[in-house]
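S.K.: generate coordinates for the sequence data below:
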Amino acid sequence: MVKTPDELALMRISGKLLASVFEMLDQQELAGMSTLQVNDLVDRFITVDLQARPASKGQYGFKYVLNCSINHVVCHGVPHADEIIRDGDIINLDITLEKNGFIADSSKTYMVGNVSAAAKRIVRIAQTAMWKGIGQVRPGAYLGDIGFAIERHAKKNGCSVVREYCGHGIGREMHEDPQVLNFGTPGTGLKLRKGMVFTIEPMINLGTRKISTEADGWTVVTDDGKLSAQFEHTVAVTGTGVEILTLRPDETPMQTRRASSIRQSPVQADGKT
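M.R.: Model prediction:
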């Protein structure tokens, strides 16, 4: 679970390249596009512009480069040519990228056009919950500290945390140890050590935490049909805190309790150190 300095250097490159994918998406007018068009746009950008590999494509038999989860879809939404993104939607785009043998994983929930107050609220709560979790990361802390901070924020705001899915270690494989739960008890679970790399990716529901998987075997939805939102970053434990390997230039992680110990990877988007 602990990466060497050389491995971390390569993971910084993957993380910065993946951050640039979201920078590209930030410039797109998503309303009116099909989710398959978004998938194909990201596929070309990763393979042609970045000369990297979309790590999700072919993983577990999945045919696409991203998951696209709209409104009440919690995660693992499948791109379709006839699924059109509309004004007022919220859509989570979950994307992975491999470069030089190492994988980065990140997701962002986009608010498309004129969204409802409820949509703005769940997106804000989910994003802050992620930052609350990231703010717990430091050597000597515990995985339970991360999960506790995430769920406490969600519950304080009247929302629920999906428990069936969680963050995970990452490196040469997309899913490595440890599992990073989005709920927990402080001071319990695995003790964090410098060099560990994993994702933090809370899925927060506006209503019940109960979920179901649709007939396609992939798409996970809220049982009550209410909105769900998710944010995700790949992070590394440093000697004093946490390094966000997939941090985007437009993000300022000051929402966290330990903002002074959080730093962005010192790598350019083209992969140069």
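S.K.: can you point out the buried residues in the longest helix anywhere in the chain?
M.R.: The longest helix of the chain (DSSP state H) is helix 5-26. Within helix 5-26, the residues that qualify as buried are 7-8, 10-22, 25, counting by 16 or more other Cβ atoms under 10 Å. Every C-beta, even on glycine, is put in place using the N, C-alpha and C of the backbone.
S.K.: mind listing what's buried along the helix or strand following that helix?
M.R.: Downstream of helix 5-26, the next assigned helix or strand under DSSP states H and E is helix 35-44. By 16+ other Cβ under 10 Å, the buried positions in helix 35-44 come out as 35-43.
S.K.: of the buried residues of helix 5-26, which is the nearest to Leu93?
M.R.: Of all the buried residues of helix 5-26, Leu93 sits closest to Leu25, with 6.5 Å by Cβ to Cβ.
S.K.: if I look at that closest one, how far off is Cys68?
M.R.: Distance, Leu25 to Cys68, by Cβ to Cβ, to the nearest Å: 11 Å.
S.K.: which two from the buried residues of helix 35-44 end up farthest apart in space?
M.R.: Checking those with Cβ to Cβ, the most distant pair is Thr35 and Asp43, at 12.5 Å.
S.K.: pLDDT (mean, whole number) over stretch 168-188?
M.R.: Confidence for stretch 168-188, expressed as mean pLDDT, is 98.
S.K.: gap between the two ends of that stretch?
M.R.: One end of stretch 168-188 sits 17 Å from the other (Cα to Cα, to the nearest Å).
S.K.: only the buried residues of that stretch, if you could.
M.R.: Buried-residue list, stretch 168-188, by 16+ other Cβ under 10 Å: 168-171, 174, 178, 180-184.
S.K.: kindly report the same for stretch 205-216.
M.R.: Of the residues in stretch 205-216, 205-207, 209, 211 count as buried by neighbour count, 16+ other Cβ under 10 Å.
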